[in-house]
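**Q** the sequence and its predicted three-dimensional model are supplied below.
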Protein chains: 2
Amino acid sequence: MKREATLLELVQAGAEPAVLSAAAASEGVEVEELAELLAGGRAVIPAAAGGRTVRPTAIGAGLRTKVNANIGTSSELASAEEELAKLAAAVEAGADTVMDLSSGGDLGELRRRLLGACDLPFGTVPIYEATTRARERGGSVVDMDIDDMFRVVEAHAEDGVDFMTIHAGLTLAALEELEVEGRLMDVVSRGGAFMIAWMLHHQRENPFYEEFDRLLELLARYDVTLSLGDGLRPGCIADATDRAQLHELGTLGELARRARRAGVQAMIEGPGHVPLQDVERNVRLAKELTGGAPFYVLGPLVTDVAPGYDHITSAIGGALAGAAGADFLCYVTPAEHLGLPNAEDVRQGVIASRIAAHAADIAKGVAGAAEWDRQMAQARKRLDWRRQIDLAVDPRRAAAVYGERHSESVEGCSMCGELCAMKIVSEHLGVESGEFTGC
Amino acid sequence: MKREATLLELVQAGAEPAVLSAAAASEGVEVEELAELLAGGRAVIPAAAGGRTVRPTAIGAGLRTKVNANIGTSSELASAEEELAKLAAAVEAGADTVMDLSSGGDLGELRRRLLGACDLPFGTVPIYEATTRARERGGSVVDMDIDDMFRVVEAHAEDGVDFMTIHAGLTLAALEELEVEGRLMDVVSRGGAFMIAWMLHHQRENPFYEEFDRLLELLARYDVTLSLGDGLRPGCIADATDRAQLHELGTLGELARRARRAGVQAMIEGPGHVPLQDVERNVRLAKELTGGAPFYVLGPLVTDVAPGYDHITSAIGGALAGAAGADFLCYVTPAEHLGLPNAEDVRQGVIASRIAAHAADIAKGVAGAAEWDRQMAQARKRLDWRRQIDLAVDPRRAAAVYGERHSESVEGCSMCGELCAMKIVSEHLGVESGEFTGC
């Protein structure tokens, strides 16, 4: 083979590439430990070959649960400046990765501007651009051939995209399950819908499934991490965990194993909408069916009734999913189900998802997770406001809420004023006065 | 006995008081079913004797998980108008009950104004007022005698308060456990701190424990529901579920049984701060130790590091707690740990808590819970925006987000614009065009 070895191949061969060591250091784990996870397909480090400098970020079993922020234009709202602002908001709020899901405006130009402004691992869903191009040529979303699809994948790889969602497990057989089962909401994955439309229109198997080796060869050449999309993810809790979804999940597991054998890192995408009582079972099942591949969930939302607050419905599901073993949470913003998010929605979405990820990390026993809370508790007990704000998941917001209600006349906060439980108890338990600053 | 029979006594005697039937109807359960829960102490209907009309609201096993909103002044911020606005925000956002935790301004006057403006079950924590009065008399929080405490309880009962938090299980023995165990944050319950200060200062047992029969006689006279406060609830996840907390919980279970025997409805208050992996265990333990009494949790917060977003940390814990059997969620607002909430914080807190309660109700299998989601899914599939907004947990917010981004040129939303998955799939799956309105 003429191409360079991929990160996965290097690690499988026992090498210690710089990106591996850097990711291990940033995670606080031993290089050998991370190498073993990577070689076994239980972790990925999305960092494509090419000149772009990317923060080394490992995603997988036992590591800190990571958070992705989706940005991107739609055909209705396509402002490059707004997308750059959303990228900045995501980075500032602490996202670990970013995906550009644009489907409006000059897609290539926008992607390259975003890539140039971003040092986080960067993902895309190439089929969006493939269908957009088909429409630009005057056709419908199905008016493209297989080469058109692969051409877009290669264009994204050339631009330096680190990971790509490709719905390669959405087969004709899975579609049959969907038709047999019946669903309230059929298909809500946009990429999934494009693939299904193409398959039904052309009466052909999914090209990314049928020509999966060709796809792997292409991804290996650029060392792109494959994120196996779940085109049949449920769109409401009533549709969760049905035959169609499980069929696709089984295929994704098989494709993940094939990817690893071809030197391509792979992770698995998951739902979506799942009622609370099924989240843990869902994650465990996914891990089993995919040989422990990193599991990347969208939310999941534990109820459908809260448009305007789906960052919260997702934080509930994401925390539970993370605790059960999901490795990577795709955020959901307050605008979900209502419209394209703006920069403030992005900010809210990232923070909510980081809270979920951290709650999960405490449950998982990720090194250092509970220590963060311990430090906050100590600062709180000392009524050390500066330290509490520094330690907050969103210091800017904490400072703003505290600042606008804080009175200089008391050392505590305006909630209890002079009647601070901690102060009263410490006085009466006879704690050294130096340990408390008042309230 | 000279007093009227309480609701509990009537139901235990086989009567069918109007408030019972009304609560059963509003819950959609059989009167007999609710009567059995009430008689066995597994549900309460807080509705004190007296002229005030209160929405009949049952809280307990198998019923819809209820949401309480705490409002009230502090010594730093004491505006009656602001509290009335917060009450209105809580009611409008869909709270099931309200508690007035005021500790600043004219407490009696404010309470009566709030009671006059509120048809929800209304709760208070009388010890707050008792200590405030002690301070007004020029003393410290401990400068009161036992009669002072009982006098305030009676004053609240006379005003028509439906339920009261009283920290009767916080005994000298529990305090010993606290001192043996050691904690990062000792005591964070304000009422608990007052009781401890009093007990240590006077070197006496908790009067509400020692004179519990006197308390029950007083509460029975006005038919006030007793909410047994957890003065030793943990203030950070590191302190969760320790010996002190469990000791107090055991006492609360015993007191709840005594209350029921005295004709007084009782519920049990719980944490607080609990790491995600311990929430279910914590709730099950509480239910066991208290004979299945209604369990009323504050949050719980699954992490300490998110000041400014504790409505979200609490929604995660509250959803899990509810799914595990907690019956009643006390909301937490975004201002928690930073300052006194304002009306907008109240609104955010109620909605987040309602989302958690509803996610729990789906998990519990509460009648009608999943049906709400099913209707939303159907409206979403039909792209029926008006119906989606009507069904939203917060229609005002949903309408605002949708409205500001909606373009008249597409029938869907601005997120996907023309590229709506549901539309594409339905076209290609050959669904009748009448079923879809586009996007």
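**A** Yes, it's here.
**Q** quick one, strands of chain A?
**A** With DSSP state E as the criterion, chain A has strands at A:43-44, A:59-60, A:66-71, A:97-100, A:122-124, A:163-166, A:225-228, A:266-270, A:295-298, A:328-330.
**Q** now tabulate these in a markdown table and tack on mean pLDDT, mean neighbour count and distance to chain B.
**A** No exception for glycine: its C-beta is placed from N, CA and C like everyone else's. Shown next, in a markdown table, are these (pLDDT from 0 to 100; neighbours: other CB atoms under 10 Å in any protein chain shown; distance: least, CB to the nearest CB, whole Å):
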| stretch | mean pLDDT | mean neighbour count | distance to chain B |
| --- | --- | --- | --- |
| strand A:43-44 | 98 | 29 | 22 |
| strand A:59-60 | 98 | 26 | 20 |
| strand A:66-71 | 98 | 25 | 10 |
| strand A:97-100 | 98 | 26 | 14 |
| strand A:122-124 | 98 | 27 | 15 |
| strand A:163-166 | 98 | 27 | 14 |
| strand A:225-228 | 98 | 28 | 18 |
| strand A:266-270 | 98 | 28 | 15 |
| strand A:295-298 | 98 | 26 | 13 |
| strand A:328-330 | 98 | 28 | 13 |
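**Q** export these as TSV, with columns for distance to B:Arg55.
**A** Formatted as TSV, these follow (distance: least, CB to CB, whole Å):
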stretch	distance to B:Arg55
strand A:43-44	53
strand A:59-60	49
strand A:66-71	41
strand A:97-100	46
strand A:122-124	49
strand A:163-166	48
strand A:225-228	49
strand A:266-270	41
strand A:295-298	38
strand A:328-330	38
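**Q** I'd like to know which of these lies nearest to B:Cys416.
**A** strand A:66-71 (12.2 Å; CB to CB).
**Q** now that closest one, how far from the centre of its chain.
**A** Computed by CA atoms, centre = their mean, to the nearest Å, the chain-centroid distance of strand A:66-71 equals 5 Å.
**Q** same thing with stretch A:364-372?
**A** Remark: stretch A:364-372 is offset 20 Å from the chain centroid, using CA atoms, centre = their mean.
**Q** can you show me the CA trace of it as PDB?
**A** This file holds the C-alpha atoms of stretch A:364-372, laid out as PDB (Å, rounded to 0.1, in the frame of the first residue of the first chain):
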ATOM      1  CA  LYS A 364     -18.100   6.300  35.900                       C
ATOM      2  CA  GLY A 365     -15.300   7.100  38.400                       C
ATOM      3  CA  VAL A 366     -13.200   8.900  35.800                       C
ATOM      4  CA  ALA A 367     -10.000  10.100  37.500                       C
ATOM      5  CA  GLY A 368     -10.300  13.600  38.800                       C
ATOM      6  CA  ALA A 369     -14.000  14.000  38.200                       C
ATOM      7  CA  ALA A 370     -15.300  13.900  41.800                       C
ATOM      8  CA  GLU A 371     -12.300  16.000  42.900                       C
ATOM      9  CA  TRP A 372     -13.600  19.000  40.900                       C
END
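**Q** quick check: angle from the longest helix along chain A to strand A:66-71?
**A** In chain A, with assignment by DSSP state H, the single longest helix is helix A:343-364. Between helix A:343-364 and strand A:66-71, the angle comes out at 160 degrees (axes from the mean of the first three to the mean of the last three CA atoms, to 10 degrees).
**Q** burial check on A:Ala173, number of neighbours?
**A** Neighbours of A:Ala173 under the rule other CB atoms under 10 Å in any protein chain shown: 13.
**Q** spatially nearest residue to it (excluding sequence neighbours)?
**A** Nearest non-adjacent residue to A:Ala173, counting by CB to CB, 6 or more residues apart in numbering or on different chains: A:His247, 6.7 Å away.
**Q** fine, thanks again, bye for now.
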